[in-house]
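Asker: quick one, what's the 3D model for this:
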Amino acid sequence: MNVRVRLSPEETRAQILHVAEEQYRRVGHAKTAVADIAAVLGMSSANIYRFFASKAAINDAICRGVFAEGEAMIEAVVAARKPAPVRLAGMILGIHRFNRARLTEERRMHDMVEAAMSEGWSAIEAHRAAVKDAFARVIAEGISDGAFDPALDPLEAGETVFDLCVGLFHPTLIDQGAGKDQDAEARRVTAYVLRALRAL
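Answerer: Numbers count the residues shown, from 1 in each chain. Below is the predicted model:
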């Protein structure tokens, strides 16, 4: 006799996202319907909508999960016992390499993130805010330690560093630079950023 295991709402939600992400990786988010996700799970579309108000909500949740991996990497660098300039460089280069590997080389995920950026999904705005905040915290520590210019405003500087590095972070721009020595370009931009922040 088959006994169906009763999952908690949190477990069911996680299962829906897991199946949805697998489908997105296989055929793309645009070609995946809620009915496709429901069919794999052996449930109705109506049941999916009990946990996610729309397919857009599923998209956003998956996007947040992808960015959460990058943010965990960033926070590990922030917490490292290293000088602020070393950590800031590690964050910039780390984000570039993460986005290049996770959001560009995985074509289907690249398409999803590109749509998220062009359509302004809330996951994108939350991720940008998290990165800028991490930059600002490390810059504030660098100012306190005497490594960065004391005249800097950490929040403004964090946002400016993000804007200056957007070419290293944006999946579409990374994709357009395929074939170039992107690591060398990332190191060059990072060096300029650090020089601009340095205390005189």
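
Asker: OK, contacts around the most centrally placed residue in the chain?
Answerer: In the chain, the residue lying closest to the centroid (CA atoms, centre = their mean) is F67, at 2.8 Å. Applying CB atoms under 8 Å, 6 or more residues apart in numbering, one finds that F67 lies in contact with 123, 126-127, 130. Every C-beta, even on glycine, is put in place using the N, C-alpha and C of the backbone.

Asker: closest to R97 among the residues you listed?
Answerer: Nearest to R97 out of the contacts of F67 is H127 (CB to CB; 16.2 Å).

Asker: how far does whichever strand or helix holds that closest one sit from its chain's centre?
Answerer: Per DSSP states H and E: H127 is located in helix 122-145. The chain centroid and the centroid of helix 122-145 are separated by 13 Å, computed with CA atoms, centre = their mean, to the nearest Å.

Asker: do you know the pLDDT at the residue nearest to the centre of the chain?
Answerer: Here the pLDDT value assigned to F67 is 87.

Asker: mind telling me what element it is part of?
Answerer: Counting by DSSP H and E, the element that carries F67 is helix 55-79.

Asker: what angle sits between that helix and helix 122-145?
Answerer: Counting by axes from the mean of the first three to the mean of the last three CA atoms, to 10 degrees, helix 55-79 lies at 10 degrees to helix 122-145.

Asker: check which residues of helix 55-79 are buried.
Answerer: The neighbour-count check on helix 55-79 (16 or more other CB atoms under 10 Å) flags 55, 58-64, 66-67, 70-71, 73-74, 77-78 as buried.

Asker: hang on, the earlier thing: which helices and strands does the helix holding H127 pack with?
Answerer: On a contact count with 3 or more CB pairs under 8 Å, 6 or more residues apart in numbering; DSSP states H and E, helix 122-145 meets helix 55-79, helix 84-98, helix 107-119, helix 154-164.

Asker: elements contacting the helix or strand following the last one?
Answerer: Yep, that's helix 154-164 we're talking about. Going down the chain from helix 154-164, the next helix or strand is helix 166-169, by DSSP H and E. Applying 3+ CB pairs under 8 Å, 6+ apart, one finds that helix 166-169 contacts helix 84-98, helix 171-176, helix 182-197.

Asker: need the residues that contact helix 166-169.
Answerer: 92, 95-96, 99, 131, 162, 173-174, 185-186, 189.

Asker: select only the buried ones of these in ChimeraX?
Answerer: Command for ChimeraX that selects the buried part of the contacts of helix 166-169, burial taken from 16+ other CB under 10 Å:
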select :92,95,96,99,131,162,174,186,189
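
Asker: make CSV out of the contacts of helix 166-169 and add distance to A84.
Answerer: Formatted as CSV, the contacts of helix 166-169 follow (distance: CB to CB, whole Å):
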residue, distance to A84
I92, 13
I95, 16
H96, 19
N99, 23
V131, 16
F162, 16
L173, 27
I174, 26
E185, 23
A186, 19
V189, 18
